[in-house]
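**Q** sequence and predicted model, in that order:
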Amino acid sequence: MQKMFGMVISFLMIMGVLIGCSEETGSTKSNSNAGEDLSEISFGSATVGGFWYTLSGAMSDKMASVFPESSTTIVEGGSVSNLLGLGQGTFHIGFSNGQTVPEALNGKGAFDEPIKNVSTVATLYPNVFHIAVREDSDIYSVEDLKGKVVSPGIKGYSGELALLDILEMSNMSYDDLGGVEYVGTADGADLLRDGHIDAITGMLAAPVSTFQELDTTMGLRFIPLRDEVISSLHEKNEGYLEYTIEPNTYPSQPDPIKTVAGYTVLLANNDLMSEDAVYKLTKMMVENRDEWENISSVMSDFTAEYSVEKNVGNLHPGAKKYYKEIGVLE
């Protein structure tokens, strides 16, 4: 009897070890497949009416065939809020601006601590910093904004953060302005047309249709940035790149306008999006570039080579795999 009891105890101990091993193996398997649960993909985009929202909608249609078991939810956001959402795991993928990415990675500016679990998938097109004033305005430089009422766009968006940096590089601040109106581009255009504000600023894809319409009906001028301001911006943040608005981008703009741009980037959460998933996503972006250009000419320069050349931040392993496969990344 005692022998039988010992055998039962031994059996139970062996079963316990086996069960423990089974649970450990299952846990390891789950961790190795992190990012594979893509039944619902959350996409941090922008407000309705902007190009980010339009592009994310077109992308989600294509993603339905790339990830047939998934559904994509587009969430209205912005450059900073999208990066915060990606860092917190709220979004699987999202758009941001190139100058916001280094701040997020280093925990600077609007970010209290570094965001380490986010990588770049593709760099798409430049968002150009504009300062637009009425054609009959007495504003010809950043310094001339002193005492003037300015709309920097929506509070906390990349356009406003860029304006704050540009004012700083010009030894100015909001205290030097006559007032600040936090409104979107369309509302800002109405305020400028009606004489309620003196200038609109923003990081926007050129040409901006709202500015084209205003230039045609009322007449606009665009204020350039000084070379030393452009250099200082890039030294502060590698995501600010020198950019020239070419002549005749707008109807009444015969001269080139020197400014800066931050490139729109598509980002992914490293924990939610596996190498294989991002490989497929990157391939989809590149192979459908003609469709993106048909939506807007701002995507006319986008190619795999362009994406790698303009990259800011860390490329996701899945994106690296695709770019290496097609020979645009060593």
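**A** Received, thanks.

**Q** got the CA coordinates for stretch 58-75 in PDB?
**A** The C-alpha trace of stretch 58-75 is given here as PDB (Å, rounded to 0.1, in the frame of the first residue of the first chain):
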ATOM      1  CA  ALA A  58      -7.500  55.000 -48.800                       C
ATOM      2  CA  MET A  59      -4.800  53.000 -47.000                       C
ATOM      3  CA  SER A  60      -7.300  51.200 -44.900                       C
ATOM      4  CA  ASP A  61      -9.100  50.000 -48.100                       C
ATOM      5  CA  LYS A  62      -5.900  48.500 -49.300                       C
ATOM      6  CA  MET A  63      -5.100  47.100 -45.900                       C
ATOM      7  CA  ALA A  64      -8.300  45.100 -46.000                       C
ATOM      8  CA  SER A  65      -6.700  42.800 -48.700                       C
ATOM      9  CA  VAL A  66      -3.200  42.800 -47.000                       C
ATOM     10  CA  PHE A  67      -4.700  41.800 -43.600                       C
ATOM     11  CA  PRO A  68      -8.000  40.100 -44.600                       C
ATOM     12  CA  GLU A  69      -8.700  39.000 -41.000                       C
ATOM     13  CA  SER A  70      -8.400  42.600 -39.800                       C
ATOM     14  CA  SER A  71     -10.600  45.700 -39.500                       C
ATOM     15  CA  THR A  72      -9.000  49.200 -39.400                       C
ATOM     16  CA  THR A  73     -10.300  52.000 -37.200                       C
ATOM     17  CA  ILE A  74      -9.200  55.500 -38.200                       C
ATOM     18  CA  VAL A  75      -8.900  57.800 -35.200                       C
END
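
**Q** buried set for it?
**A** Buried residues in stretch 58-75, defined by neighbour count with 16 or more other CB atoms under 10 Å: Met59, Ser60, Lys62, Met63, Phe67, Ser70, Thr72, Ile74, Val75. (Each C-beta comes from the backbone N, C-alpha and C, glycine too.)

**Q** of those, which belong to helices?
**A** Judged by DSSP state H, helices contain the following of the buried residues of stretch 58-75: Met59, Ser60, Lys62, Met63.

**Q** residues contacting the residue positioned nearest the centre of the chain?
**A** In the chain, the residue lying closest to the centroid (CA atoms, centre = their mean) is Ser96, at 1.1 Å. Going by CB atoms under 8 Å, 6 or more residues apart in numbering, Ser96 touches Ser79, Val80, Asn82, Leu83, Ala104, Ser158, Thr264, Val265, Leu267.
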